[in-house]
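1. this is the structure alone, sequence omitted:
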């Protein structure tokens, strides 16, 4: 479990991050879709909240609770699965701990450099987002949870990416529903809040895990930054329109195998990871495509390398990105 | 799923239930009784899409059910044609559920068509991409990768007709036929990708399948980097007391 994984919540259902980076505090009601998204980004970071939501994806439903304290200097959040075995994730600043009671493990990331997290995460702005997506202001309605909501749509400009529809609480800007939809309009991933409160304070015990971790194995993970994307010597990759290389790291992905080079490509919202691993003797990697949750994946063998691309984009986009690696000078071994 | 439960779920999502009523519905959801059957219908379609064997052809009942759902959805779509996705009308409680139960199947079949066309002989392919349908509320199904080419033409025609428009198309070069791989083979990659992906991060965090592989990978990382278990000092907690501030809107 990495610190950045927790970032999914802070990054607001895949949309927060672009606007957190650039958003200021907006208290007046926005007049544009971009303004609403900026306000959503601010609300998710600056408000203290306690909510429950359903996450529906891949034909399964899961109920989760999110707690977020806005005024803890280093940041304090807790995500609890109310279904299944009761897993929890607790974040304190850049340190993220994932408690897996069924495995009696705690997965921890505590980056050596505080800047690593931001350094490896994509940086967006509204302009780069709008190159590939239309930001559309939808209807105002009575909405969800008895709250008036404003619908905002992030609609892809072509078939290389998925879109989002967001239902934002008019009073706060908080998202109360989020749909990820594909090029046929089919919803692939959905978050629906069933309760959302804004308490004035959250007791510390609510932000700490309720799991007694005595006897648990604690595991740390590390990721090594290769270089700034602009300094990578791999030439221009023939990527699908709008996608750019935003990060390159090296990390162990497969147990017992050498480190993989991990490239991250983004169009300003969607991200695709590409892993390039040397094929070792005795290893027989297989080619093929598949799906994990709302993401598509594809593996190829290019020379002596096993290349795997995965991301929440259409299967064809994943395929094109995987194939583009063949043109990366010096990347393949 | 009975209409009463459908409406309860709808009301839950509208915030119209009391806490006690919400708890009852959620407990029912967690027990996955009727809802499980409902979800499994979507999952079954997903399975058909992923399968390497022609399960669609083998499962005549499913195909019949899909055709029936399309017929119903046609009428629904007709009545909604011209509606922009962003001008989502808030239907009544019953209408909300009709949208969920009906358009979900239609949308899935639209994907089925794309998947079936995508799967095929090696070489350049023309992939039909239909325009997004009208706004719909559906329980998300598993993404479709592809399926056997059985009935591809007929289903594709259905999907095209479904949206009453000419499909867009684009050409994708394929180096060779690509076999299907199970999700478990991509689990480690999904975990490593998750920090960059909010949607996937959510799932991999709590998904048993992926988390199993997380732990395997983590142990390996631990061994390679020589890190010792840090607990309890590396698992920070807050001091006792209240934190937070008045953040009421």
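-> Arrived safely. Quick caveat, the model's predicted, so the values are computed rather than measured.

2. least confident secondary structure element in chain B?
-> Lowest mean confidence among the helices and strands of chain B (mean pLDDT, DSSP states H and E): helix B:93-118, at a mean of 23.

3. what of chain A?
-> Taking mean pLDDT, DSSP H and E as the measure, helix A:116-120 is the helix or strand of chain A with the lowest mean score, a mean of 25.

4. after it, which helix or strand is next?
-> Of the helices and strands lying after helix A:116-120 in sequence (DSSP states H and E), the nearest is helix A:126-132.

5. contacts for that next one?
-> Outside helix A:126-132, the residues within contact range by Cβ atoms under 8 Å, 6 or more residues apart in numbering or on different chains are A:18-19, A:22, A:34, A:37-38, A:135, A:154, A:156-158, A:160-161, A:241-242, A:267-269. Placement of C-beta: from N, CA and C, glycine included.

6. let me know the pLDDT of residue A:21.
-> Listed pLDDT for residue A:21 reads 38.

7. can you show me the helices along the stretch 151-300 of chain A?
-> Assigned by DSSP state H, counting those that start in this stretch, the stretch 151-300 of chain A shows helices spanning A:204-207.

8. so, low pLDDT: which residues of it?
-> Applying pLDDT under 70 to the predicted model, the residue ranges of the stretch 151-300 of chain A that meet it are A:220-236, A:254-256.

9. ok, now chain B?
-> B:1-17, B:19, B:22, B:25-177, B:195, B:197-249.

10. and residue A:325, that one's in a helix?
-> Yes. Per DSSP: H, G, I helix; E, B strand; the rest coil, residue A:325 lies within a helix segment.

11. from residue A:309, how far out is it?
-> Between residue A:325 and residue A:309 the distance, using Cβ to Cβ, to the nearest Å, works out to 8 Å.

12. mutual contacts of those two, please.
-> Listed contacts common to residue A:325 and residue A:309 are residue A:274; contacts here mean Cβ under 8 Å, 6+ apart.

13. more neighbours: those two, which one.
-> More neighbours sit around residue A:309 than around the other of residue A:325 and residue A:309, counting by other Cβ atoms under 10 Å in any protein chain shown; the figures are 30 against 24.

14. hang on, that one packs against residue A:264?
-> No. Residue A:309 sits out of contact with residue A:264 when judged by Cβ atoms under 8 Å, with a separation of 10.8 Å.

15. now do the shared contacts for the two.
-> Contact criterion Cβ under 8 Å, 6+ apart; residues shared by residue A:309 and residue A:264: A:272, A:273, A:274.

16. which ones are touching the second one?
-> By Cβ under 8 Å, 6+ apart, residue A:273 lies in contact with A:262, A:263, A:264, A:265, A:309, A:310, A:311, B:189, B:192, B:193, B:196, B:197.

17. which ones are touching the second one?
-> What it means is residue A:263. A:245, A:247, A:248, A:273, A:274, A:275, A:276, A:325.

18. again, 10 Å this time
-> Neighbour list for residue A:263: A:226, A:229, A:232, A:234, A:237, A:245-249, A:272-276, A:307, A:309, A:321, A:325, A:328, A:331 [criterion: Cβ atoms under 10 Å, 6 or more residues apart in numbering or on different chains].

19. any idea how far it lies from residue A:257?
-> Relative to residue A:257, residue A:263 is positioned 17 Å away (criterion: Cβ to Cβ).

20. residues touching residue A:154, list them.
-> By Cβ under 10 Å, 6+ apart, the contact list for residue A:154 reads A:14-15, A:18, A:33-34, A:37, A:129-130, A:132-136, A:161-166, A:180, A:269.

21. quick check: ChimeraX command selecting the buried ones in the residues you listed.
-> If you want just the buried ones from the contacts of residue A:154 in ChimeraX, going by 16 or more other Cβ atoms under 10 Å in any protein chain shown, the selection is:
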select /A:14,15,18,33,34,37,129,132,133,135,136,161,162,163,164,165,166,180,269
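
22. so does stretch A:72-89 get close to chain B?
-> Yes. Under the criterion of Cβ under 10 Å from any Cβ of the partner chain, chain B is reached by stretch A:72-89 at A:72-74, A:76, A:78-89.

23. ok, stretch A:90-100 next?
-> Yes. Counting by Cβ under 10 Å from any Cβ, chain B is contacted by stretch A:90-100 at A:90, A:91, A:92, A:93, A:95, A:96, A:97, A:98, A:99, A:100.

24. buried among the residues of stretch A:72-89 next to chain B? Make that a PyMOL selection.
-> Of the residues of stretch A:72-89 next to chain B, the buried ones can be selected in PyMOL as follows, counting by 16+ other Cβ under 10 Å:
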select buried, chain A and resi 72+76+78+79+80+81+83+87+88+89
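
25. so which of the residues of stretch A:72-89 next to chain B belong to strands?
-> Assignment to strands by DSSP state E places the following of the residues of stretch A:72-89 next to chain B there: A:76, A:78, A:79, A:80, A:81, A:88, A:89.

26. residue A:67: which of the contacts of residue A:273 is nearest?
-> Ranked by distance to residue A:67 (Cβ to Cβ), these are led by residue B:197 at 22.4 Å.

27. for stretch A:137-157, what is the distance to the chain centroid?
-> Between the mean C-alpha location of stretch A:137-157 and the chain-wide mean there is a distance of 22 Å, by Cα atoms, centre = their mean, to the nearest Å.

28. that stretch: end-to-end distance?
-> In terms of Cα to Cα, to the nearest Å, the two terminal residues of stretch A:137-157 are separated by 16 Å.

29. show me which residues of it are buried.
-> By neighbour count with 16+ other Cβ under 10 Å, stretch A:137-157 contains the buried residues A:137-138, A:141, A:143-145, A:147, A:149-156.

30. for stretch A:200-210, same thing?
-> Of the residues in stretch A:200-210, those buried by neighbour count under the rule 16+ other Cβ under 10 Å are A:201, A:202, A:203, A:204, A:206, A:207, A:208, A:209.

31. so residue A:310 touches residue B:181, yeah?
-> No. Using Cβ atoms under 10 Å, residue A:310 is not in contact with residue B:181, being 11.4 Å away.

32. between these two, which contacts overlap?
-> Contact criterion Cβ under 10 Å, 6+ apart; residues shared by residue A:310 and residue B:181: A:290, A:291, A:297, A:298, A:299.

33. could you flag which of those are buried?
-> Taking 16+ other Cβ under 10 Å as the criterion, what is buried in the shared contacts of residue A:310 and residue B:181 is A:290, A:291, A:297, A:298, A:299.

34. could you dump those residues to TSV with distance to chain B?
-> Output for those, formatted as TSV (distance: Cβ to the nearest Cβ, whole Å):
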residue	distance to chain B
A:290	4
A:291	4
A:297	4
A:298	7
A:299	7
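
35. would you list those residues in TSV and tack on distance to residue A:186?
-> As requested, these are exported to TSV (distance: Cβ to Cβ, whole Å):
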residue	distance to residue A:186
A:290	18
A:291	13
A:297	19
A:298	20
A:299	25
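
36. and those residues, which is closest to residue A:173?
-> So of these, ranked by how close each gets to residue A:173 (Cβ to Cβ), first place is residue A:291, at 32.4 Å.

37. measure that closest one to residue A:312 for me?
-> With Cβ to Cβ as the criterion, residue A:291 and residue A:312 are 10 Å apart.

38. how about residue A:239?
-> Here residue A:239 is placed at a distance of 16 Å from residue A:312 (Cβ to Cβ).

39. between the two, which one's more packed in?
-> In this comparison of residue A:239 against residue A:312, neighbours counted by other Cβ under 10 Å, the higher total goes to residue A:312 at 29 against 20.

40. perfect, that will be all.
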